[in-house]
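Peer 1: pasting a predicted model and its sequence here:
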Amino acid sequence: MASDSPVAIQEDDPTKATTALLSFNTDSSSSKSPRKLTTTIVFISLVLLSCIALSAAVAFAFLFFSAPKTTIHSSSFYSRPLKKLNHPVVLLISSDGFRFGYQYKTSLPNINRLIANGTEAELGLIPVFPTLTFPNHYSIVTGLYPPYHGIINNHFVDPHTGESFTMKSHEPKWWLGEPLWETPLWETVVNHGLKAATYFWPGSEVNKGSWTCPKGYCRNYNESVPFEERVEIVLEYFDLPSDEIPVFITLYFEDPDHQGHQVGPDDPEITEAVKRIDGLIGRLIEGLEKRGVFQDVSVILLGDHGMVGTCDKKLFFLDDLAPWIEIPSDWVQSYTPLLAIRPKGVDPKDVVAKMNAGLESGKVENGKHLRVYLKEDLPSRLHYAASDRIPPIIGLLEEGFKVEQKRTEKKECGGAHGYDNDFFSMRTIFIAHGPQFARGRKIPSFENVQIYNLVTTILNIKGAPNNGSLSFPSSVLLASP
Ligand SMILES: [Zn+2]
């Protein structure tokens, strides 16, 4: 009765439940010795604690001794031996413009099979700058940044000869940047007395060094060849006697880049295009399995760059800079997303200063979304200065913006790439499956200039000097047993 009023108040307040319980215990123990009760509680607590500690120790011991047999199997540290082939084979597949993240748009059972049983760049593969098709495809197969392999844009003009490079230029002179030591993977492979085959890849039709684009092992680019046919032809190489199977094979699909330019990255058309690529990967896996070589072949599925939407009037017009400086169209080598200007008869430094004065004035529409640089003042991480082919003035645009010469009424809405390679939207995929790739492993993002050394390491051949790191392959590949 002595605790009537406090207990009643405490029970009404759930936040004071502990105090209520304490009051109750005090009351109920009033007839016993408090010291004896405390001793009993301490004893029971110690027994309980001992039981918990013992159980935990038993559980840890069980996990420790059982783990090697289940999750940490010793073989997962080492590359798996070849079962049928007598030499490692790398099949390098490019799905153009496969932005990182497209793989989550819909269910892609075949690509996900490669991811689940292979190694994936968890947040995507980083393209080189400019994030355009030709510079990136050639960086992938040479390990060089564009100034060093020479393909600094999809289109450009040689300042010494005035000749124009286009995506149809197969003369070796274009594909020999400074210095002259690069060899694309097909040439490196042939230099080692091995066979290579290309089913389309920028630069693969160029006769250079030991590579002669041999008949049956090299195709002249023709975008109308159905994707399914390309897969079938590549599979037929695996019907050859083991010694004649090319050890390096490229395969190229124009999608989903094609759709991305037309409708931007978020349209259902992209989902359909990505599903189709997944179907082709399924066809390829099935064909390799039928020939008993799927587990032997190193399949590397990647893209060259991402894609970003360009709608919502994100336009900038060079003519708007007229009050500061006039930029005639014959100075402009490319507009967008890579603005490249070679001024005639004026100091590029003055042009940059006047352009940036206009852009920073706050009086030019979307001016704050463009910044121009002398190429040597660009951030060094872009690696975009060391070539005469790169015009002296380069503009960096914010994501999704476009540059045009003058205002027009035309409505623009679609997708683009070519921006700073630091933008997440420019990232693409890297998914690799094969005997030297761990199953279900995620690796950090890396630049595509690392691929060259990765492929030569898998093939166990010596590569040419390049911009990739020599230690990169061992950080990704499983060790030899
Ligand atoms: Zn592309």
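Peer 2: Noted; the coordinates are in hand.
Peer 1: how many neighbouring residues does Glu229 have?
Peer 2: Using other Cβ atoms under 10 Å, Glu229 has 10 neighbouring residues. C-beta here means a position set from N, CA and C on the backbone, and glycine is covered the same way.
Peer 1: using PDB, write out every CA atom in the host helix or strand of it.
Peer 2: Assessed by DSSP states H and E, Glu229 sits inside helix 227-236. Output of helix 227-236 as PDB, limited to C-alpha atoms (Å, rounded to 0.1, in the frame of the first residue of the first chain):
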ATOM      1  CA  PHE A 227      23.400  -9.000 -85.600                       C
ATOM      2  CA  GLU A 228      22.400 -12.700 -85.500                       C
ATOM      3  CA  GLU A 229      24.600 -13.400 -88.600                       C
ATOM      4  CA  ARG A 230      27.600 -11.700 -86.800                       C
ATOM      5  CA  VAL A 231      27.100 -14.100 -83.900                       C
ATOM      6  CA  GLU A 232      26.900 -17.100 -86.100                       C
ATOM      7  CA  ILE A 233      30.100 -16.300 -88.000                       C
ATOM      8  CA  VAL A 234      31.900 -15.800 -84.700                       C
ATOM      9  CA  LEU A 235      30.600 -19.100 -83.400                       C
ATOM     10  CA  GLU A 236      31.900 -20.900 -86.500                       C
END
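Peer 1: would you mark the buried spots in it?
Peer 2: Phe227, Arg230, Val231, Ile233, Val234, Leu235 (16 or more other Cβ atoms under 10 Å).
Peer 1: output those as TSV; include the columns distance to the ion.
Peer 2: Converted to TSV, the buried residues of helix 227-236 look like this (distance: Cβ to the ion, whole Å):
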residue	distance to the ion
Phe227	16
Arg230	17
Val231	20
Ile233	22
Val234	20
Leu235	24
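Peer 1: show me which residues of the chain sit near the ion.
Peer 2: Asp96, Gly97, Thr133, Asp257, Asp304 (Cβ under 5 Å from the ion).
Peer 1: ok, of the residues you listed, which one's closest to the ion?
Peer 2: The shortest approach to the ion among those belongs to Thr133, at 3.1 Å (Cβ to the ion).
Peer 1: the closest one reaches Gly260, doesn't it?
Peer 2: No: using Cβ atoms under 8 Å, Thr133 makes no contact with Gly260, being 11.6 Å away.
Peer 1: overlap in contacts, those two.
Peer 2: Gly97 (Cβ atoms under 8 Å, 6 or more residues apart in numbering).
Peer 1: of those two, which one has the most company?
Peer 2: Gly260 (29 against 23).
Peer 1: isn't the more buried one up against Gly97?
Peer 2: Yes: the criterion here is Cβ under 8 Å, and Gly260 meets it with Gly97 at 4.8 Å.
Peer 1: what do the two both touch?
Peer 2: Met307, His417.
Peer 1: export the buried residues of helix 227-236 as CSV, with columns for pLDDT.
Peer 2: Below are the buried residues of helix 227-236 laid out as CSV (pLDDT from 0 to 100):
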residue, pLDDT
Phe227, 98
Arg230, 98
Val231, 98
Ile233, 98
Val234, 98
Leu235, 98
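Peer 1: what's the closest of those to Glu326?
Peer 2: For those, the residue nearest Glu326 by Cβ to Cβ is Phe227; the value is 46.7 Å.
Peer 1: please report phi then psi for Lys173.
Peer 2: phi -60, psi -30 (degrees, to the nearest 10).
Peer 1: relative to the ion, how far out is the spatially most central residue of the chain?
Peer 2: Geometric centre of the chain, nearest residue: Leu125, 1.4 Å, by Cα atoms, centre = their mean. Distance from Leu125 to the ion, counting by Cβ to the ion, to the nearest Å: 13 Å.
Peer 1: pull the number of nearby residues for Ile93.
Peer 2: 25.
Peer 1: which helix or strand contains it?
Peer 2: strand 89-95.
Peer 1: so what touches the helix holding Glu229?
Peer 2: Contacts of helix 227-236 (Cβ under 8 Å, 6+ apart): 91, 197, 199-200, 249, 251-253, 255, 276, 280, 283-284, 287-288, 291.
Peer 1: ok, back up a step: go ahead and confirm the residue nearest to the centre of the chain touches Leu301.
Peer 2: No: Leu125 is beyond contact range of Leu301, at 10.3 Å (criterion: Cβ under 8 Å).
Peer 1: the contacts of helix 227-236 in helices, which ones?
Peer 2: With DSSP state H as the criterion, helices contain Arg276, Leu280, Arg283, Leu284, Gly287, Leu288 from among those.
Peer 1: give the contact list for the fourth one.
Peer 2: For Leu284, the contacting residues are Leu91, Ile93, Val231, Val234, Leu235, Leu251, Val299, taking Cβ under 8 Å, 6+ apart as the criterion.
Peer 1: still on that earlier bit, now for Leu125 and Leu301: what residues contact both?
Peer 2: Ile429, Phe430.
Peer 1: now the ones in helices among the contacts of helix 227-236 as a markdown table including pLDDT?
Peer 2: Compiled in a markdown table, the ones in helices among the contacts of helix 227-236 are given as follows (pLDDT from 0 to 100):
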| residue | pLDDT |
| --- | --- |
| Arg276 | 98 |
| Leu280 | 98 |
| Arg283 | 98 |
| Leu284 | 98 |
| Gly287 | 98 |
| Leu288 | 98 |
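Peer 1: any chance of TSV for these, columns distance to Ala464?
Peer 2: Compiled in TSV, those are given as follows (distance: Cβ to Cβ, whole Å):
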residue	distance to Ala464
Arg276	35
Leu280	31
Arg283	34
Leu284	29
Gly287	32
Leu288	29
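Peer 1: list just the nearest of those residues to Pro444.
Peer 2: Using Cβ to Cβ, the ones in helices among the contacts of helix 227-236 come closest to Pro444 at Leu284, 27.1 Å.
Peer 1: pLDDT (mean, whole number) over stretch 353-371?
Peer 2: For stretch 353-371, the mean pLDDT works out to 97.
Peer 1: can you tell me what sits against it?
Peer 2: 314-317, 320-321, 323-325, 327, 339, 372, 393, 395-398, 401, 403.
Peer 1: repeat the analysis, applying 6 Å as the threshold.
Peer 2: Phe316, Asp320, Leu321, Trp324, Ile325, Val372, Gly395, Leu396, Leu397, Glu398, Phe401 (Cβ atoms under 6 Å, 6 or more residues apart in numbering).
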